[in-house]
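Chemist: sequence first, then the predicted structure, then my questions.
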Amino acid sequence: LSPIGALLRAGIASRLHSRRVLDTVVSEPGPGLPWYSRVVYVDDQVIYVYTSGMQRAEPRPVWMAQNEGPEFWDERTWWAQRHQKWFKASLNTLGQLYNQSEGFHIIQMKYGCDLREDNTTWGFYQDSYDGRDFLTFDTESMTLGAADIGAQITKRRWDAEVFDNQQWKRYLEERCIPWLRSSLEYGKETLQRKVRPTARVSDRSSHDGLTTLSCKVSGFYPQDITVTWLRNGENRQQETYSEGILPSGDGTYQTWVAMEIDPKIKAHYSCHVEHESLLEPLSISWGKEFVCVSVFLSYDPAGSQKHGSTGPSFLPMWPERDV
């Protein structure tokens, strides 16, 4: 297997849940583009949003609004408003740092935590300025990494005045992971559901007498999936290509994997699909008839399983806690 294939298999074996905070700051706001915005995700679901125009943190899914009261949203709003000021100062500081007086500039910050079913956790922090890496937190060495001279100046100040690597441990254990667990419980019917994929194999004439085989897999959730072509039972992943996993628009995902073959060479080709909703891998042979039959698991909120159903610059490190 390729490293990506191995990673996908690992994700299927131990499902990954994540919480992501994305902060964006722009020097020249416009219609539909506030100068400051915060979007918080759990897995692929936006759970709340704050913008400088709204001036209020607002839940997105009903299950977040129903399970967190006014005090929670007041606190999220207070922190976001406090950090608006710090981000504004950071824009000015970075402009001076890089000798920029005008024009469009953007700060992007992303951080959060991951939780696997075996209860192992992982966290990360990364920010960028004008689309280039700025600072990154290395969870192995518990140190900041700087991408250029400007970032090195910021890193030295953070190391001397602001940064305490124990903040990361406290944030991960006391804030991020508990919030992630709570959200997973609130939204379990959405976030922990398992929807089986359907698969279809097709072919078309290619160049030089070759044939392109395509395997389209759709309607699955969560998005981690492994789709490979087999020739006479052997994995041919190195010969395939794909455009990745894409949203279907209905809360599920889709993907396709294609491979060129010489039809004059007699062989048995099949599309092999692995997904955590399936009790066993789904195999679809190339031929005139396409039959998609699978046995899968679906999420049951009661706990049973059903079988056979069809900163940048000088900002505090962790904007969700008092540092």
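Modeler: Right, received. Where do you want to start?
Chemist: how far off centre is stretch 187-200?
Modeler: 16 Å (CA atoms, centre = their mean, to the nearest Å).
Chemist: buried ones in that stretch, by neighbour count?
Modeler: For stretch 187-200, the neighbour count (16 or more other CB atoms under 10 Å) marks 187, 190-199 as buried. C-beta coordinates here come from the backbone N, C-alpha and C atoms, glycine included.
Chemist: helices - which of those land there?
Modeler: Of the positions in the buried residues of stretch 187-200, 190-191 sit in helices, assigned by DSSP state H.
Chemist: redo the buried residues of stretch 187-200 as CSV? Include distance to Lys216 and pLDDT.
Modeler: Compiled in CSV, these are given as follows (distance: CB to CB, whole Å; pLDDT from 0 to 100):
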residue, distance to Lys216, pLDDT
Gly187, 29, 96
Thr190, 25, 94
Leu191, 25, 94
Gln192, 26, 92
Arg193, 22, 94
Lys194, 20, 95
Val195, 16, 96
Arg196, 15, 97
Pro197, 10, 97
Thr198, 9, 96
Ala199, 7, 96
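Chemist: closest one of the buried residues of stretch 187-200 to Ile225?
Modeler: When these are compared for distance to Ile225 (CB to CB), Pro197 comes out closest, at 6.7 Å.
Chemist: please work out how many residues are found near Asp138.
Modeler: Residues within reach of Asp138, counting by other CB atoms under 10 Å, total 12.
Chemist: wait, it sits on Gly145?
Modeler: Yes. Asp138 lies in contact with Gly145 (CB atoms under 8 Å); the separation is 5.7 Å.
Chemist: before we move on, the earlier item: what about the buried residues of stretch 187-200, which are in strands?
Modeler: 198-199 (DSSP state E).
Chemist: and the buried residues of stretch 187-200 as a markdown table, adding distance to Gly30?
Modeler: As requested, the buried residues of stretch 187-200 are arranged in a markdown table below (distance: CB to CB, whole Å):
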| residue | distance to Gly30 |
| --- | --- |
| Gly187 | 33 |
| Thr190 | 33 |
| Leu191 | 34 |
| Gln192 | 38 |
| Arg193 | 38 |
| Lys194 | 41 |
| Val195 | 38 |
| Arg196 | 43 |
| Pro197 | 40 |
| Thr198 | 42 |
| Ala199 | 43 |
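Chemist: max pairwise distance over the buried residues of stretch 187-200: which two?
Modeler: Going by CB to CB, the pair spanning these furthest: Gly187 and Ala199, at 27.8 Å.
Chemist: separation between His268 and Pro197?
Modeler: 22 Å (CB to CB, to the nearest Å).
Chemist: brain fart, Thr24
Modeler: 33 Å.
Chemist: how about Thr240, nearest residue that isn't a chain neighbour?
Modeler: Closest residue to Thr240 apart from its sequence neighbours, by CB to CB, 6 or more residues apart in numbering: Met259 at 4.6 Å.
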